[in-house]
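Undergrad: Sequence first, then the predicted structure, then my questions.
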Amino acid sequence: MTYSVAVSGASGYAGGEILRLLASHPDIEIRTVTAHSNAGQPLIQHQPHLRSLAHLTLQDTTPNILAGHDIVFLALPHGQSGQYTVALGDVPLVIDAGADHRLTSRDSWDAFYGGDFHEPWAYGVPELLVDGAKQRETLRSASRIAAPGCNASTVSLSLAPGIAAGVIDPSDIVAVLAVGPSGAGKSLKTNLLASEILGSANPYAVGGTHRHIPEIQQALSAAGADEVRISFTPVLVPMARGILATCTAPIIEGVTDAEIRAAWESAYGDETFVQLLPEGQFPRTADVIGANTALIGLAIDRAANRVTVVTAVDNLVKGTAGAAIQSMNLALGLPEDRALSLNGVAP
Ligand SMILES: NC(=O)c1ccc[n+]([C@@H]2O[C@H](COP(=O)([O-])OP(=O)(O)OC[C@H]3O[C@@H](n4cnc5c(N)ncnc54)[C@H](OP(=O)(O)O)[C@@H]3O)[C@@H](O)[C@H]2O)c1
């Protein structure tokens, strides 16, 4: 069976990456692409790297244009997806790359986003530990999926094994992330100009204000934490794509080094796309660009009594579009890795 697909936000970074991956998916026909200010223009004008889709024209993003497909991807600024929920009621599978359907807590939504609150959908991070199982079990029967925030899923995947195994304390997490500016989207912003970021590392959303914080707290609570307290600091660095997250948390008293490492080994030992590196090795963003892979390095810092987890992902693949398509494959009963690559592009 071939599934017809509409991708909204197709002129943007997330929509473009969803299209790049779907273009090599044998079970998918990309029928419709939509945008906002650029509607009416050829897709290729905005995504010149997507040569196989040069025949497509960006249409308006309206319920009528999106309806009538087997699958709809929403890749819109947050706050824009919720309005389509009812209108797309007959579409068998809807996947939202935005934040509108990620949070279960209305209070958190109000505190970090504001505007209308929309019901939470199945969270699109298959490898995440949830109540001792994996999130993929929920995704297998999902018809509405919320793809993750890129920073949020990177931190959650980094620490969930240690929390689920009870070897680290989730009430004192520190996460500092080097992030590429594509995570902020394609629209023009002064702080993202080349002259502002080339040759500089720029912190932003410092001091507990970043919107991904409640999403991390939600995911780590689902992994087994009673109370999640996190100091979260992203730093923009001059690389188009990629996240390198350094996450630390205290070691629970009496836990051995072997028990700590075993927590991550048993969580990810059988996973394809989330891999724990051998002891003493740590990932680089350069190793995961273009890949649906999260590479994790684990250190046990006895002097600081903390575990240090360093994780690299491509924000546009494992952080968004790859997670969305991996989740789609699960929901459709297809091989989970279809159209997704474990290999990055280097140098
Ligand atoms: N970038 C990432 O790494 C990343 C990671 C995880 C999740 N996400 C999420 O994915 C979503 C899209 O992000 P992005 O980075 O792709 O942003 P982007 O590059 O700025 O693209 C936004 C897209 O949405 C369209 N759009 C803007 N306003 C709209 C409206 N009112 N109605 C309908 N369409 C509208 C734009 O169309 P025009 O160009 O025609 O105006 C464009 O196609 C966001 O919710 C973001 O949080 C992004």
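TA: Arrived safely.
Undergrad: Remind me what the longest helix along the chain packs against, helices and strands.
TA: Criterion DSSP state H: the longest helix present in the chain is helix 150-164. With contacts defined as 3 or more C-beta pairs under 8 Å, 6 or more residues apart in numbering; DSSP states H and E, the packing partners of helix 150-164 are strand 129-130, strand 173-179, helix 213-223, strand 230-236, strand 243-250, helix 257-268, strand 294-301, strand 306-313. Where C-beta positions appear, they are placed from N, C-alpha and C, glycine not excepted.
Undergrad: Alpha carbons of the third one, as PDB, please.
TA: Just to be clear, that refers to helix 213-223. What follows is helix 213-223 as a C-alpha-only set of coordinates in PDB (Å, rounded to 0.1, in the frame of the first residue of the first chain):
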ATOM      1  CA  ILE A 213      12.100  22.500  30.200                       C
ATOM      2  CA  PRO A 214       8.600  21.200  31.000                       C
ATOM      3  CA  GLU A 215       8.900  18.700  28.200                       C
ATOM      4  CA  ILE A 216      12.000  17.300  29.800                       C
ATOM      5  CA  GLN A 217      10.400  17.200  33.200                       C
ATOM      6  CA  GLN A 218       7.400  15.400  31.700                       C
ATOM      7  CA  ALA A 219       9.500  12.800  29.900                       C
ATOM      8  CA  LEU A 220      11.800  12.100  32.900                       C
ATOM      9  CA  SER A 221       8.800  11.800  35.200                       C
ATOM     10  CA  ALA A 222       7.400   9.200  32.900                       C
ATOM     11  CA  ALA A 223      10.700   7.400  33.100                       C
END
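Undergrad: Need the contact partners of it.
TA: Defining contact as C-beta atoms under 8 Å, 6 or more residues apart in numbering, one finds that helix 213-223 is touched by 99, 102-105, 108-109, 111-112, 123, 125, 128-131, 148-149, 152-153, 155-156, 159-160, 163-164, 170, 173, 175, 228, 230, 232.
Undergrad: Kindly recompute the last result at 7 Å.
TA: Under the contact criterion C-beta atoms under 7 Å, 6 or more residues apart in numbering, helix 213-223 has outside partners 102-105, 108, 112, 128-131, 149, 152, 155-156, 159-160, 163-164, 170, 228, 230, 232.
Undergrad: now the angle from that helix to strand 243-250?
TA: 60 degrees (axes from the mean of the first three to the mean of the last three C-alpha atoms, to 10 degrees).
Undergrad: Spell out which parts of the stretch 201-347 of the chain neighbour the ligand.
TA: By C-beta under 6 Å from any ligand atom, the part of the stretch 201-347 of the chain that sits against the ligand consists of Asn315, Leu316, Gly319, Thr320.
Undergrad: Nothing else from me, thank you.
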